[in-house]
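Chemist: Build me a model:
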Amino acid sequence: MSDGEDVVICSIIEHVELAGTHSGDATMVIPPQTLRETVVDKVKKYTEKIAKALHIKGPFNIQYLSKGDEVYVIECNLRASRSAPFSSKATGYPLVPIAAKVMLGRKLSELGALKKPTIFHVAVKAPVFSFVRLKGADPRLGVEMTSTGEVACLDYEYPDAFIKAILASNLNIPKPPSAILLSIADEFKEDAVPLAAGFLSLGYTVYATPGTYSYLKKRGINDVIPLPKLSEGSNAILDLIEKGVIKMVINAPSERIPISVDDGFVIRRTAVEFLVPVLVRLKTAHALMESLTKNVSRKLKPRSLNELFHSSKMAELV
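Modeler: Below is the predicted model:
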């Protein structure tokens, strides 16, 4: 927020998924886990310049796109948004009450609100979907928002916070040696190699559709089990989903092909009907695999906000 003179950045939120996923459908993390320091510095500098150039007095949010060290502005919204309560809960900084006072003419310095509390934890926000209640809806993500809710979880380590958020969003994470199905579009197959290797090393059984299987085998991933295509007349994949053998589907559809009723749609829709978790973004799948790798025991401890913010003085500002 800005009071016309000073600017305070409540949080920088990193999207786990790549650009092209609506922010309402994206998994988000505070503080950023993979952004380069040069990118974070540019985001801070650009935010202050934009706020002062627009003479903003109140809350605002800016969406950025980064590639390498380059940072581009997507949009600046002069309002509060769904990121405001998430930022407040994640950082212990009561953004909305302070913003209201700033909009009524108070100064950030006068409110003692220029310095944010230091946090030693990580917050992850995950979307909640209701595809099972929407007959025929395709559970794939894009630039239009499809989620119907959000959850946020906090812990001292990113893997713990991420796993908590995924579980809280009603995605049941299977345990090894449960089976996972990989069905990956050509443009994403390279990213599927470390993903398959990671889940195999964790002890999962990995199935794959023919194209994905062939690519993985060429890259030295030999323990994947191939399954025939639906379009070739086989129902093997659907049978394994319906019988509960396949416990998770990772299906990354092509973004170059318009939405259509193809094999991928039938697999995703069948998984949803039988309450099998479906991940359609490889970045989400990678984050899950890496989190499980770092927290193999999956022993998660509930933590209260009071525990995480016991030293924060910001509550006095409310």
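Chemist: Just the strands from this structure, written as ranges.
Modeler: Assigned by DSSP state E, the strands in the chain fall at 2-3, 14-15, 28-30, 57-58, 61-67, 70-77, 122-128, 149-155, 179-184, 205-208, 225-226, 246-252, 278-279.
Chemist: Contacts for the least confident helix or strand in the chain by mean pLDDT next, please.
Modeler: Ranked by mean pLDDT, DSSP states H and E, the helix or strand of the chain with the weakest confidence is helix 305-308, at a mean of 83. The contact list for helix 305-308 (CB atoms under 8 Å, 6 or more residues apart in numbering) reads 89, 92, 119-121, 154. No exception for glycine: its C-beta is placed from N, CA and C like everyone else's.
Chemist: thinking again about what came up before, okay if I get the strands of the chain as CSV plus distance to residue 164, mean neighbour count and mean pLDDT?
Modeler: Formatted as CSV, these follow (distance: least, CB to CB, whole Å; neighbours: other CB atoms under 10 Å; pLDDT from 0 to 100):
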stretch, distance to residue 164, mean neighbour count, mean pLDDT
strand 2-3, 33, 24, 96
strand 14-15, 17, 18, 96
strand 28-30, 12, 25, 97
strand 57-58, 32, 19, 96
strand 61-67, 25, 16, 95
strand 70-77, 29, 12, 95
strand 122-128, 7, 24, 95
strand 149-155, 4, 19, 94
strand 179-184, 21, 25, 97
strand 205-208, 25, 22, 98
strand 225-226, 31, 13, 97
strand 246-252, 18, 24, 96
strand 278-279, 17, 20, 95
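Chemist: Let's have those in CSV, adding distance to residue 214.
Modeler: Shown next, in CSV, are the strands of the chain (distance: least, CB to CB, whole Å):
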stretch, distance to residue 214
strand 2-3, 54
strand 14-15, 31
strand 28-30, 34
strand 57-58, 55
strand 61-67, 30
strand 70-77, 35
strand 122-128, 32
strand 149-155, 38
strand 179-184, 11
strand 205-208, 9
strand 225-226, 8
strand 246-252, 16
strand 278-279, 21
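Chemist: how about the helices of the stretch 151-300 of the chain, start to end?
Modeler: Per DSSP state H, counting those that start in this stretch, the stretch 151-300 of the chain carries helices over the ranges 158-168, 189-201, 210-218, 236-242, 263-273, 282-294.
Chemist: can you pull the contacts of the closest residue to residue 42 other than its chain neighbours?
Modeler: Computed as CB to CB, 6 or more residues apart in numbering, the closest residue to residue 42 that is not its neighbour in sequence is residue 71, at 4.4 Å. The contact partners of residue 71, taken as CB under 8 Å, 6+ apart, are 39, 42-43, 46, 64-65.
Chemist: Which single one of these is nearest to residue 5?
Modeler: Distance to residue 5, by CB to CB, is smallest for residue 46 among those, at 17.9 Å.
Chemist: need the contact list for that closest one.
Modeler: By CB under 8 Å, 6+ apart, residue 46 lies in contact with 62, 64, 71, 73.
Chemist: I figured residue 155 was touching residue 122, is that so?
Modeler: Yes: Residue 155 lies in contact with residue 122 (CB atoms under 8 Å); the separation is 6.4 Å.
Chemist: how many other residues sit next to the nearest residue to residue 172 once chain neighbours are set aside?
Modeler: Distances taken as CB to CB, 6+ apart put residue 277 closest to residue 172, at 6.0 Å, once the chain neighbours are dropped. Residues lying near residue 277 (other CB atoms under 10 Å) number 19.
Chemist: just checking, what's the longest helix in this protein?
Modeler: helix 37-53 (DSSP state H).
Chemist: quick one on the thing from earlier: format the contacts of residue 46 as JSON lines; extra columns: distance to residue 15.
Modeler: Shown next, in JSON lines, are those (distance: CB to CB, whole Å):
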{"residue": "62", "distance to residue 15": "13"}
{"residue": "64", "distance to residue 15": "10"}
{"residue": "71", "distance to residue 15": "14"}
{"residue": "73", "distance to residue 15": "15"}
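Chemist: Closest to residue 246 out of those residues?
Modeler: Within the contacts of residue 46, proximity to residue 246 (CB to CB) peaks at residue 64, which comes in at 37.5 Å.
Chemist: Which residues does the closest one form beta bridges with?
Modeler: Counting by DSSP bridges, residue 64 forms beta bridges with residue 73.
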